[in-house]
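>>> how would this look folded up:
(2 chains)
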Protein chains: 2
Amino acid sequence: MSDELTREIEALARRARAAAPAMAALGSKQKNAWLTRAVECLDEQKETILEANRRDLAEAREKGVDRVLVNRLDLTDKWPDMLQGVRDVAALPDPIGTMGEQWVRPNGLRVGRMRIPLGVIAMIYESRPNVTVDAAVLCLKAGNAVILRGGSEAFRSNHALADALRTAARDTGLPEDALLLLPTRDRAAVDVMLKQDRYIDLLIPRGGSALVRKVMAESQIPIVAHDAGVSHVYLDASADPDMSRDIVLDSKMRQMAVCNGLETLLCHRDAARTALPVALKALHEEGVEIRGCPVTCEVFAEAVPASEADWAEEYLAPLIAVRVVDDLDAALDHIRTYGSNHTEIIVTRDYASAQDFTRRLDSCVVGVNCSTAFSDGYRLGLGAEIGVSTSRVHWYGPMGLEGLTTQKFVLFGNGQLRE
Amino acid sequence: MSDELTREIEALARRARAAAPAMAALGSKQKNAWLTRAVECLDEQKETILEANRRDLAEAREKGVDRVLVNRLDLTDKWPDMLQGVRDVAALPDPIGTMGEQWVRPNGLRVGRMRIPLGVIAMIYESRPNVTVDAAVLCLKAGNAVILRGGSEAFRSNHALADALRTAARDTGLPEDALLLLPTRDRAAVDVMLKQDRYIDLLIPRGGSALVRKVMAESQIPIVAHDAGVSHVYLDASADPDMSRDIVLDSKMRQMAVCNGLETLLCHRDAARTALPVALKALHEEGVEIRGCPVTCEVFAEAVPASEADWAEEYLAPLIAVRVVDDLDAALDHIRTYGSNHTEIIVTRDYASAQDFTRRLDSCVVGVNCSTAFSDGYRLGLGAEIGVSTSRVHWYGPMGLEGLTTQKFVLFGNGQLRE
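Numbers count the residues shown, from 1 in each chain, chains lettered A, B, ... in the order given. Just a heads-up that it's a prediction; the model follows:
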């Protein structure tokens, strides 16, 4: 890579670092003023942004990019939700400076932990330009500076969006360098960014295992990874057939190309001839291809035999793997062996099964009698999310404002010495 | 490195991983039974352990190892405290399975976060054999498996201690592989361990910047680093001279070779001729060499001029750097420039100074009117500590049981689908 590019990206990281203390010192009022102004600036610059987006879309179509990706790239229909997201983040309580419980030591020393920003966050994500806005507003509301690198197909859209957010920053007195984008599509720029552990406190790679692996191999910056999701629904022996069908359909069909979509359906053998065929029939009618174990193929004629590889597959497509198991233990074993610690749901009427399933699995989201779609920061009430962390360290599961902060210890004494 | 050693360490990491689910499933009762039995086994095997320790000590003295290190290595006088530490951890509440606040979504879905173990923790630490016991009991009480690698001077002591802890594990039904030590002093074994990111969830390097740097450069395992401490006390304009003297003395003298010891004393210019000379006189009488800025040398004749390098030095010795600053802002600037985000204390009678100092500094422990010695998990009421994390990600500051865990989301529904 060129020396010039290296110097440019290093300078960028230094600028973000230099902006971090001013960001950390901001009060909620000023951060919210920025968010309010950001909505206005985005609307004022809407035509410029959508024109940039149209150029990205045209180029993507010209290159023959996959339809799913083109849909993700298109900002027009996402515009109202994107702006509402900014308003929602403005309405969220500011975590910075809050202290939870304080306790008093026998010598009278008062101790507590105060929430503070992480500092500089760098995020690498898919070609979804609306994520540029989501990520920027969450990171800055949490008092951080941020460096963003979205997928190269969204390059023009991302820069147009960031320009609007930076206009708002200028108008409301936020440091402009708190929100920076890599200035080039050149992948070498990412490689340089991965080396800036002096200036960057946390790296968030989002969008596929290959990216996560690469980032982990090449960077010394702490990482919270947002990896693939091989999510499961398990129909217990006592599962209600109607609820099973509804949850399976909702988990698989509502949005297919997302990490919390259902990929493998497990079923207790006692429900294999009751709840299972009802759910499979509904999926089949929606055009989902069913790849089943031998028992599945026996109870549902339209199923085709699954191979070993199907159990670990993140399809993100109208395909589902289905396996009948002997009992709850076998279901847990299957999930531990083939899953990705993402989202696992049991459908049951049995108290002990519900307790066992939620207690014994250590995936980042485990649940009873609900759709896998609730594995989402917004739907869980975190206000918004930067993604779903599959890293156990720092934050595990849907990650909102709190995951973008840390806590320091604060001691209030009146002359205490060690005994 | 030899293929045989590589295979041996890989097998060790796999064994720890295999033990992790059984550890995670243990109830408090069984973990506490192990801790109680561990105290007995350590006492039963005391002579064997102290004999191993004597051989380590003899070898260290023969090699001409530094006196401070020999003192750290000696188990005899640390024996009662070490055993009391195990009893203390048995008495601590078990964090595993606890859920904090639960909230209910508008659709009736109940959501909470449940505390779970991290999985497999590997720790690299100094030649302090008592840390082998501290680390083992904390990691296992938090439901993890652990791989330990203490300093090579303590090799025999560590293995003798671990044998006793494993005897207790056998006696109380814990998986023996939950507590493993690297089987050789060969540093190549550490290098292999650093590559086991498939099996190890968290790496804790403790004992100096060089180790932390090496581990960060060579491993893809998430790291919580316990780095050097360049800790500060700042005497504000309004600092009480007696309290200043007592806090400075306690912070510097109580234990010198620890990361929360005072290294640089800062003083507001308005206290340079009042509180400062009182504190410096007391330090001088204790035999501490004072390296001062020009004003310090002017107000205290026994001070010698400090060089730029002194401001960033972790002495761990009877040396102190002293600087007079214009105001609180200058003190914060100094700490941000030369500090290591460890422990910073202000001595003041002024409300605004206390608020500013604790709010604006982002070191892992900030405090008012108390000794730096309280930057310690035990003294802060965490029950025990595995070290003081200077990493902002995952845990920041003194780290006890909670820092050795993570949280998963748990969803309790009754058929909720996405809207």
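>>> so A:Ile147, which state does it fall into?
Secondary structure, DSSP: H, G, I helix; E, B strand; the rest coil: A:Ile147 is strand.
>>> now the strand or helix carrying A:Glu344: mean pLDDT?
Take DSSP states H and E as the rule and A:Glu344 turns out to sit in strand A:343-347. Mean per-residue pLDDT for strand A:343-347: 98.
>>> may I have that strand as CSV, with CA atoms only?
Output of strand A:343-347 as CSV, limited to C-alpha atoms (Å, rounded to 0.1, in the frame of the first residue of the first chain):
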residue,chain,number,x,y,z
THR,A,343,-30.8,-17.0,18.9
GLU,A,344,-32.6,-20.1,20.1
ILE,A,345,-36.3,-20.4,20.9
ILE,A,346,-38.2,-23.2,22.5
VAL,A,347,-42.0,-23.7,21.9
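>>> partners of it in the sheet?
Sheet pairing for strand A:343-347, assigned by DSSP bridges, gives strand A:231-235 (parallel), strand A:365-370 (parallel).
>>> outside of it, which residues touch it?
Strand A:343-347 has contacts (C-beta atoms under 8 Å, 6 or more residues apart in numbering or on different chains) with A:229, A:231-236, A:239-240, A:243-244, A:247, A:251, A:260, A:275, A:335, A:353-354, A:357-358, A:361, A:363-372, A:375, A:388, B:411. Backbone N, C-alpha and C define where each C-beta goes, glycine included.
>>> tell me which of the strands paired with strand A:343-347 sits most buried.
strand A:231-235 (a mean of 29; mean count of other C-beta atoms under 10 Å in any protein chain shown).
>>> which element follows that one toward the C-terminus?
Remark: after strand A:231-235, the chain's next helix or strand is helix A:241-253, criterion DSSP H and E.
>>> say whether chain B is contacted by that following helix.
Yes. Applying C-beta under 8 Å from any C-beta of the partner chain, one finds helix A:241-253 touching chain B at A:Met243, A:Asp246, A:Ile247, A:Asp250.
>>> quick one: mean pLDDT over the helix or strand just after that helix.
Where DSSP H and E defines the elements, the next helix or strand beyond helix A:241-253 is strand A:262-268. If you average the pLDDT over strand A:262-268, you get 97.
>>> before we move on, back to that, reformat the strands paired with strand A:343-347 as TSV; add distance to A:Asp177 and mean pLDDT.
Output for the strands paired with strand A:343-347, formatted as TSV (distance: least, C-beta to C-beta, whole Å; pLDDT from 0 to 100):
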stretch	distance to A:Asp177	mean pLDDT
strand A:231-235	39	98
strand A:365-370	35	98
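>>> mind giving me JSON lines with those and columns for distance to A:Glu218?
What follows is these, written out as JSON lines (distance: least, C-beta to C-beta, whole Å):
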{"stretch": "strand A:231-235", "distance to A:Glu218": "28"}
{"stretch": "strand A:365-370", "distance to A:Glu218": "29"}
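>>> looking at those, which is closest to B:Ala169?
Of all these, strand A:365-370 sits nearest to B:Ala169, with 28.5 Å by C-beta to C-beta.
>>> which ones are touching A:His218?
Let me fix one detail, which is that residue A:218 is Glu and not His. By C-beta under 8 Å, 6+ apart, the neighbours of A:Glu218 are A:Asp191, A:Leu194, A:Lys195.
>>> just send these back as TSV, with pLDDT too.
Below are the contacts of A:Glu218 laid out as TSV (pLDDT from 0 to 100):
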residue	pLDDT
A:Asp191	96
A:Leu194	97
A:Lys195	96
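>>> top of those residues by neighbour count?
Using other C-beta atoms under 10 Å in any protein chain shown as the neighbour criterion, A:Leu194 leads these with 23 neighbours.
>>> now for the residues of helix A:241-253 next to chain B: which two are most distant?
Using C-beta to C-beta, the residues of helix A:241-253 next to chain B span at most 10.5 Å, a distance reached by A:Met243 and A:Asp250.
>>> with adjacent residues omitted, what lies nearest to A:Thr36?
A:Ala90 (5.9 Å; C-beta to C-beta, 6 or more residues apart in numbering or on different chains).
>>> quick check: that neighbour is in a helix.
Yes. Checked against three-state DSSP, A:Ala90 lies within a helix.
>>> against B:Gly64, how distant is it?
64 Å (C-beta to C-beta, to the nearest Å).
>>> the more surrounded of the two?
Legend: neighbour count by other C-beta under 10 Å for A:Ala90 and B:Gly64, higher for A:Ala90 (18 against 7).
>>> quick check: that one vs chain B, distance?
Per C-beta to the nearest C-beta, to the nearest Å, A:Ala90 is found 20 Å from chain B.
>>> contact partners for that residue?
Contacts for A:Ala90 (C-beta under 8 Å, 6+ apart) come out as A:Asn32, A:Leu35, A:Thr36, A:Lys141.
>>> pLDDT score assigned to the second one?
pLDDT recorded at A:Leu35 is 98.
>>> ok, which stretches of the stretch 301-419 of chain A are strands?
For the stretch 301-419 of chain A, the strands defined by DSSP state E, counting those that start in this stretch occupy A:304-305, A:319-325, A:343-347, A:365-370, A:387-389, A:397-399, A:405-416.
>>> now swap in the stretch 1-150 of chain A and tell me
A:103-104, A:110-117, A:120-124, A:145-149.
>>> and the closest residue to A:Ser152 other than its chain neighbours, which helix or strand is it part of?
Of all residues not flanking A:Ser152 in the chain, A:Arg185 sits nearest, at 4.2 Å (C-beta to C-beta, 6+ apart). Under DSSP H and E, no helix or strand contains A:Arg185.
>>> run a quick neighbour tally on A:Arg185.
14.
>>> also the one 3 residues further on?
Neighbouring residues of A:Ala188 were enumerated by other C-beta under 10 Å; the total is 13.
>>> repeat for the one 5 residues further on
Around A:Met193 sit 23 other residues, with neighbours defined as other C-beta under 10 Å.
>>> just A:Val224 next, same as before
28.
>>> next, give me the two most distant ones among the contacts of A:Ala90.
A:Thr36 and A:Lys141 (11.9 Å).
>>> need the strands of the stretch 1-150 of chain A in TSV with mean neighbour count and mean pLDDT, can you?
Output for the strands of the stretch 1-150 of chain A, formatted as TSV (neighbours: other C-beta atoms under 10 Å in any protein chain shown; pLDDT from 0 to 100):
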stretch	mean neighbour count	mean pLDDT
strand A:103-104	11	96
strand A:110-117	21	98
strand A:120-124	26	97
strand A:145-149	26	98
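>>> in JSON lines: those strands, plus distance to chain B.
JSON lines is the format used below for the strands of the stretch 1-150 of chain A (distance: least, C-beta to the nearest C-beta, whole Å):
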{"stretch": "strand A:103-104", "distance to chain B": "6"}
{"stretch": "strand A:110-117", "distance to chain B": "5"}
{"stretch": "strand A:120-124", "distance to chain B": "10"}
{"stretch": "strand A:145-149", "distance to chain B": "13"}
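>>> any idea which of these gets closest to B:Arg55?
Across the strands of the stretch 1-150 of chain A, closest to B:Arg55 is strand A:110-117 (C-beta to C-beta), at 41.5 Å.
>>> tell me what that closest one is packed against?
Counting contacts by 3 or more C-beta pairs under 8 Å, 6 or more residues apart in numbering or on different chains; DSSP states H and E, strand A:110-117 is packed against helix A:3-25, strand A:103-104, strand A:405-416.
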